[in-house]
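# Pasting the sequence and the predicted coordinates here, then a few questions.
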Amino acid sequence: MSRHTSRNAAPDGGGPSGGPRRAFRRKRLVLVLGSLVGTMVNGTLRPYRRVHDELIRLRLLNASTARTYAFGFPDGRGSSLVGTDGGLPARPAVMDRVQLSPGERAEIVVRVEAGERVMLRSFPQDDYGDAWQRRFGGGDDSFDVLELRAAERLRPSPGLPAELAEPEVPREEEAVRGRHFDLKRSGINGRAMDMGRVDETVTRGTTEVWTIRNTNGMPHNFHVHDVQFRVVEVNGAAPPPALRGPKDTVFVPHGTTMKLALRFTGPADPDTPYMYHCHLLYHEDEGMTGQFVVVEKGQPAGKPPGHSGRTDRAAHGGHGSHGRGHGDG
């Protein structure tokens, strides 16, 4: 799913914060978020889906490069969350909004009435940062995504089970060590991406707790290759229902600290790294990426082959060239 409409096309220099530099920043954000009329879903503008059952299951993938969505329905009906990035949560959770940042996935089940038309929309978000971030980063935007067109007669649908499955993700008490990651647009833990550098070394088969913190004044997210993790805490409290299933990507608004429990079971290779990064493409391409290798117990990290160690954009070349991909291992 990608979003190509934005209310962010403010005139150059418009408003009290005008001026050439601010206008340039507005233009850049408009280009990142999109400026054409229409929302594309599975490559289709102004899409709709004919529904023939009382319950419909939607698999949502945010494939946008920068926009975060808050999915819901104008009449306030809830949807049941039955899947996250990597599988089933322990039980369904009824939600009026499902927020997905770039790279995140969710499966929801929605009930429709015979003959109705109802629009899945994205709504404004109250955790998107200050007024600048909300206005020009898309947090204030509201727009149509997908229309559901119910048939005049619908097949009955059984109710959802009260229990689904215990997520196959590690627990905090299984961790053998912890790591901390400070998210800033200039880099993670104060370092911009360097394809010739290994930032972290983890031992195959072990569980770790990673603490992710964003005090950067803007929203970020955090994606880890090769694992599905458990969200242990959000700002010291238990995670909300949307974060209780298997995850590999999380939205991290400004002022947020998250603890994640991860187990590394992929192939061990001291020379070929996996990635962790912000999944907002322009943040990632500016250097918000790090590398880790998985090694056997006692094995040292090696050196990624074929890279000069340059840190500019040409060196790391964007998401497609980053070490092992999402499906490796």
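Received the coordinates, thanks. Keep in mind that what you see is a predicted model, and the values were worked out from it rather than measured.
# Surely Glu173 forms part of a helix?
Yes - assessed with DSSP: H, G, I helix; E, B strand; the rest coil, Glu173 lies in a helix.
# Please tell me how far it sits from Arg230.
Glu173 is 11 Å from Arg230, where distance means CB to CB, to the nearest Å. For glycine as for every other residue, the C-beta is placed from the backbone atoms N, C-alpha and C.
# if you count what's nearby, which of the two comes out ahead?
Arg230 (24 against 9; other CB atoms under 10 Å).
# name the element that one belongs to?
Using DSSP states H and E, Arg230 sits in strand 230-234.
# For that strand, which helices and strands make contact with it?
strand 256-263 (3 or more CB pairs under 8 Å, 6 or more residues apart in numbering; DSSP states H and E).
# which residues touch the strand it packs on?
Residues from elsewhere that reach strand 256-263 (CB atoms under 8 Å, 6 or more residues apart in numbering): 169-172, 174-175, 205-214, 222, 224, 227, 229-236, 247, 250, 252.
# Using PDB, list the CA coordinates for that strand.
Output in PDB follows, covering the C-alpha atoms of strand 256-263 (Å, rounded to 0.1, in the frame of the first residue of the first chain):
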ATOM      1  CA  THR A 256       9.400   6.800  23.600                       C
ATOM      2  CA  THR A 257      11.500   4.100  25.100                       C
ATOM      3  CA  MET A 258      10.800   0.500  24.100                       C
ATOM      4  CA  LYS A 259      12.300  -2.800  25.300                       C
ATOM      5  CA  LEU A 260      12.400  -5.700  22.800                       C
ATOM      6  CA  ALA A 261      13.200  -9.300  23.400                       C
ATOM      7  CA  LEU A 262      15.000 -11.000  20.400                       C
ATOM      8  CA  ARG A 263      16.400 -14.400  19.800                       C
END
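# average pLDDT across it?
Averaging pLDDT along strand 256-263 gives 98.
# Drop anything exposed from the contacts of strand 256-263.
169-170, 175, 206-210, 212, 214, 222, 224, 227, 229-234, 247, 250, 252 (16 or more other CB atoms under 10 Å).
# Mind checking what helix or strand follows the strand holding Arg230 in sequence?
strand 249-252.
# which secondary structure element contains Gln133?
Assigned by DSSP H and E, Gln133 falls in helix 131-136.
# can you pull the buried residues of that helix?
Neighbour count says helix 131-136 has Trp132, Gln133, Arg134, Arg135, Phe136 buried, by 16+ other CB under 10 Å.
# Likewise for stretch 255-274?
So for stretch 255-274, counting by 16+ other CB under 10 Å, buried means 256-264, 266, 268-270, 272-274.
# Partner strands of the lengthiest strand in the chain and their direction?
Longest strand of the chain, by residue count under DSSP state E: strand 143-155. Strand 143-155 has the following strand partners under DSSP bridges: strand 48-53 (parallel), strand 117-122 (antiparallel).
# centre of the chain versus the last one, how much separation?
Its chain's average C-alpha position is 21 Å from that of strand 117-122, according to CA atoms, centre = their mean, to the nearest Å.
# list the buried ones in it?
Within strand 117-122, the residues scored as buried using 16+ other CB under 10 Å are Val118, Leu120, Arg121, Ser122.
# what does it contact?
Residues from elsewhere that reach strand 117-122 (CB under 8 Å, 6+ apart): 3, 58, 69-75, 77, 110, 112, 141-150.
# Buried ones among those?
3, 58, 69-73, 110, 112, 141, 143, 145-146, 148, 150.
# Show me the two of these that sit farthest apart.
Taking CB to CB, the two most distant members of those are Asp141 and Ala150; they sit 26.9 Å apart.
# CA atoms only for the helix holding Gln133 - export them in CSV, please.
What follows is helix 131-136, C-alpha atoms only, in CSV (Å, rounded to 0.1, in the frame of the first residue of the first chain):
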residue,chain,number,x,y,z
ALA,A,131,2.8,20.8,15.3
TRP,A,132,5.5,21.0,12.6
GLN,A,133,5.8,17.2,12.5
ARG,A,134,2.0,16.7,12.5
ARG,A,135,1.4,19.3,9.8
PHE,A,136,4.3,18.6,7.4
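# Phe143 reaches Thr39, doesn't it?
Yes - Phe143 is within contact range of Thr39, at 6.1 Å (criterion: CB atoms under 8 Å).
# Pull the contacting residues for Tyr276.
Contacts of Tyr276 by CB under 8 Å, 6+ apart are Phe181, Ile188, Phe222, His223, Val224, His225, Thr289, Gly290, Gln291, Phe292.
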